[in-house]
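S.K.: from the sequence below, what's the structure:
(chains A and B)
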Amino acid sequence: MSTRTMLDRYQTSTSYLARILHRFSGFVLTVYVLVYIWQLGAVRRGGVEGFNATMAGYNTPFWKITHALVVALVVLHALTGLRVLFFEAGIGLKVQKASFWLSFVITVIIFVLLFIKVIGNLAA
Amino acid sequence: MVQRNVSSVTSRAQTVPVAPRAGTLLWILQRLTSYGLLLFLAVHLYFTYVGHLDTAAPLTFEILKRPYQVYPFIYALNEGLLLVCALFHGLNGVRNIIYDWTTHAGLRRLASYALLLLGLGFAGYGFYILAALV
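M.R.: This next block holds a predicted model:
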């Protein structure tokens, strides 16, 4: 399939967009899990002081907003993944577009709520 | 390796090597680990993220250890199973992307073994960290 054809399908098919977002979020989360495990290893590499110093480095607005985004990606991946599981069982095949946009809207709402909460903590 | 003419998944019919049994097992495991993640990750996020949303204080070793002490064994079991499910589901997902991207048998095998090594390495390191927390 040529790049042109892929872009056409991306523009016209909600299911294709859902698949791309499911894979993209899955890949980002996998990289995140590997970095996460490595950073938790600070307790083995630097003891309790080393761990606390490493985690203090993440106590910044940038990382708090990033973590809210990662949690939102978890929600998006879980909801689009549930879509896949239901469709494989033959359930909900007639609401493929609606279920994707519902998943997307729920994800955006959760991110906005977390964002407001995190920003509120920073201001307090 | 079994060769099969495939016309349904690519734009042009082509002969690709297929290994039916190995693929089926990984497909089932991808589903099983997804059920596991729904439970274990929900518990993990509750204790490590949602429960700390009201504070702006940095995470410390003492805070990290608390749920392990309040819920002995069961929380460590949750985190151990989460580690296995997350690594398998994530790395097998990357393998699925690579298998869609190329039908080259050598590249596929190289990716499979590289991801297997990466997974075993991080699982080992993860359990080594977990042992410091229980």
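S.K.: so how many other residues sit close to residue 65?
M.R.: By default, I'm working from chain A. Other residues lying near A:I65 total 16 when counted by other Cβ atoms under 10 Å in any protein chain shown. Every C-beta, even on glycine, is put in place using the N, C-alpha and C of the backbone.
S.K.: hmm, no, I was thinking of chain B.
M.R.: Residues contacting B:K65 under the criterion other Cβ under 10 Å number 15.
S.K.: shouldn't it be in contact with B:L133?
M.R.: Yes - between B:K65 and B:L133 there is a contact at 5.8 Å, judged by Cβ atoms under 8 Å.
S.K.: what about the residue of chain A found nearest chain B, which helix or strand?
M.R.: Closest approach between chain A and chain B, counting by Cβ to the nearest Cβ: A:T30, at 3.3 Å. Secondary structure from DSSP states H and E places A:T30 in helix A:14-40.
S.K.: what helices or strands is the helix or strand just after that helix leaning on?
M.R.: Downstream of helix A:14-40, the next assigned helix or strand under DSSP H and E is helix A:42-56. On a contact count with 3 or more Cβ pairs under 8 Å, 6 or more residues apart in numbering or on different chains; DSSP states H and E, helix A:42-56 meets helix B:61-70, helix B:105-131.
S.K.: any chance of a markdown table for these, columns distance to chain A and mean pLDDT?
M.R.: Formatted as a markdown table, those follow (distance: least, Cβ to the nearest Cβ, whole Å; pLDDT from 0 to 100):
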| stretch | distance to chain A | mean pLDDT |
| --- | --- | --- |
| helix B:61-70 | 5 | 96 |
| helix B:105-131 | 5 | 97 |
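S.K.: next, give phi and psi for A:G57.
M.R.: The phi/psi pair for A:G57 (degrees, to the nearest 10) reads phi -70, psi -20.
S.K.: what about the residue of chain A closest to chain B, distance to A:I119?
M.R.: Distance, A:T30 to A:I119, using Cβ to Cβ, to the nearest Å: 28 Å.
S.K.: these two: which is more packed in?
M.R.: Neighbour count, other Cβ under 10 Å: between A:T30 and A:I119, A:T30 has more, with 20 against 14.
S.K.: would you mind measuring from the more buried one to B:G90?
M.R.: According to Cβ to Cβ, A:T30 stands 3 Å off from B:G90.
S.K.: sec struct for the closest residue in space to A:L93 that isn't next to it in sequence, please.
M.R.: Spatial nearest neighbour of A:L93, excluding adjacent residues (Cβ to Cβ, 6 or more residues apart in numbering or on different chains): A:F87 at 5.9 Å. For A:F87, the assignment made with DSSP: H, G, I helix; E, B strand; the rest coil gives helix.
S.K.: so for the one helix or strand B:Y99 maps to, what gets flagged as buried?
M.R.: Per DSSP H and E: B:Y99 is located in helix B:74-101. By neighbour count on 16 or more other Cβ atoms under 10 Å in any protein chain shown, the buried set for helix B:74-101 is B:75-76, B:78-96, B:98.
S.K.: what about stretch B:4-15, start to end distance?
M.R.: Stretch B:4-15 has its terminal residues 5 Å apart, counting by Cα to Cα, to the nearest Å.
S.K.: contact residues of chain A facing chain B?
M.R.: Within chain A, the residues that sit near chain B (Cβ under 8 Å from any Cβ of the partner chain) are A:1, A:5, A:23, A:26-27, A:29-30, A:33-34, A:37-38, A:40-41, A:43-44, A:48, A:51-52, A:55-56, A:58-59, A:67, A:71, A:74, A:78, A:81, A:85, A:114, A:117-118, A:121-122, A:124.
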